[in-house]
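Colleague: give me the fold of what follows.
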Amino acid sequence: MKNVTFSHWLVAEMEARKLNQSDLARAVRVNQAAISRLVSGKAQPSPDTLNALARVFELPPIVVFRAAGLLPPDPDVDEEIEQIIHEVEKLPKADQEEVLAFIRMKRNLREKGNK
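Modeller: Numbering: from 1, shown residues only. A predicted model of the protein is given here:
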């Protein structure tokens, strides 16, 4: 997410989820005017709003805080990996172990295919 304003990022996330401003406002529990100001770039989100957006978008909060410019970008971090970790953390321990076994199986298959 290089050189993307928060408002552009927000619009892209809304479009990806087929949410309009009213839908997002209800989900985030703010008024539609507040979302409109964020979309237009006329306002900056509060930490509470960013946490609510992370919940609604099902993203790790760190991704949303980076998008808002409140945390510096980390070139060593892959956002997809962060999202995978975020989702796996929500699973029960037994399911986490199953996901790990699947990842290891996929890696082993790839390694065998590259030999």
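Colleague: buried residues in the host helix or strand of Leu50?
Modeller: Assigned by DSSP states H and E, Leu50 belongs to helix 47-57. Residues Thr49, Leu50, Ala52, Leu53, Ala54, Val56, Phe57 are the ones in helix 47-57 that count as buried (16 or more other C-beta atoms under 10 Å). For every residue, glycine as well, the C-beta is placed using N, CA and C.
Colleague: helices and strands around the helix or strand just after that helix, which ones?
Modeller: Going down the chain from helix 47-57, the next helix or strand is helix 61-67, by DSSP H and E. When contacts are defined as 3 or more C-beta pairs under 8 Å, 6 or more residues apart in numbering; DSSP states H and E, helix 61-67 sits against helix 6-16, helix 47-57, helix 79-89.
Colleague: just the mean pLDDT for the longest helix belonging to the chain, thanks.
Modeller: For the chain, the longest helix by residue count, based on DSSP state H, is helix 93-113. Helix 93-113 shows a mean pLDDT of 91.
Colleague: from the rest of the structure, what touches that helix?
Modeller: Residues outside helix 93-113 that contact it (C-beta atoms under 8 Å, 6 or more residues apart in numbering): Val88, Glu89, Leu91.
Colleague: including neighbour count and distance to Val11, could these go into TSV?
Modeller: Formatted as TSV, the contacts of helix 93-113 follow (neighbours: other C-beta atoms under 10 Å; distance: C-beta to C-beta, whole Å):
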residue	neighbour count	distance to Val11
Val88	13	28
Glu89	9	28
Leu91	12	30
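Colleague: tell me the one of these nearest Val64?
Modeller: Nearest to Val64 among the contacts of helix 93-113 is Glu89, at 16.0 Å by C-beta to C-beta.
Colleague: do you know the pLDDT at the closest one?
Modeller: So, for Glu89, pLDDT stands at 88.
Colleague: quick one: contacts for it?
Modeller: Going by C-beta under 8 Å, 6+ apart, Glu89 touches Gln96.
Colleague: when you give positions from now on, start the count at 49
Modeller: Understood, numbering begins at 49; the last thing we discussed is Glu137.
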